[in-house]
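In: Need coordinates for the below:
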Amino acid sequence: MISQELRRKEEEIAVQKKKIFSTQAAFHQRMLSKQIKPSELTGYSLYIDGQYEALNELIRQRAQIEQRLVRCKEEYIEINRNVQIFERLKEKKYRAFAEEADLEERKEIDEIAIRRVTRSNLLEAGDEP
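Out: Numbering: from 1, shown residues only. The predicted model follows:
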């Protein structure tokens, strides 16, 4: 899931930040001890720059994941809205069907009642249907 991917990216960013802090601390210690060679100075500087570039790439990837998460949430909201509309339409159609069926049933009952009344009237009048 996207949220898990986002969590993993956050963890990677935290690890990268710790690496940078650790490297900078080691560099600082070497500087304080005054036992650092110019080549080491350049090496540390390039290495730390590389770590910052890696951190920036992780942050960029996290931003992309966050955008995907936002799009997925928007899609979910739209789909959920459409499902609710569909359910309301289905319910409305069912009610219309039930009303139509009820109306047909009442018509049939009325027709039966009319036939009975007509037959009863004919029997009373002495006529046979």
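In: quick one: the helix or strand that contains Ile13 to chain centroid distance?
Out: In the assignment (DSSP states H and E), Ile13 maps to helix 2-33. How far helix 2-33 lies from its chain's middle: 32 Å, per C-alpha atoms, centre = their mean, to the nearest Å.
In: Can you name every helix or strand that the helix or strand following it contacts?
Out: Downstream of helix 2-33, the first helix or strand assigned by DSSP H and E is helix 38-125. Helix 38-125 sits against helix 2-33, with contacts defined as 3 or more C-beta pairs under 8 Å, 6 or more residues apart in numbering; DSSP states H and E. Just so you know, the C-beta spots here come from the backbone N, C-alpha and C atoms, and that holds for glycine as well.
In: How about the helix it packs on, which residues are buried there?
Out: Of all the residues in helix 2-33, those buried under the rule 16 or more other C-beta atoms under 10 Å are Leu6, Lys9, Ile13, Gln16, Ile20, Phe27.
In: wait, which of those residues is closest to Glu66?
Out: Checking the buried residues of helix 2-33 against Glu66 by C-beta to C-beta gives Leu6 as the nearest, at 6.6 Å.
In: thinking the closest one is in contact with Leu69, fair?
Out: Yes - contact criterion C-beta atoms under 8 Å: Leu6 and Leu69 qualify, at 6.3 Å.
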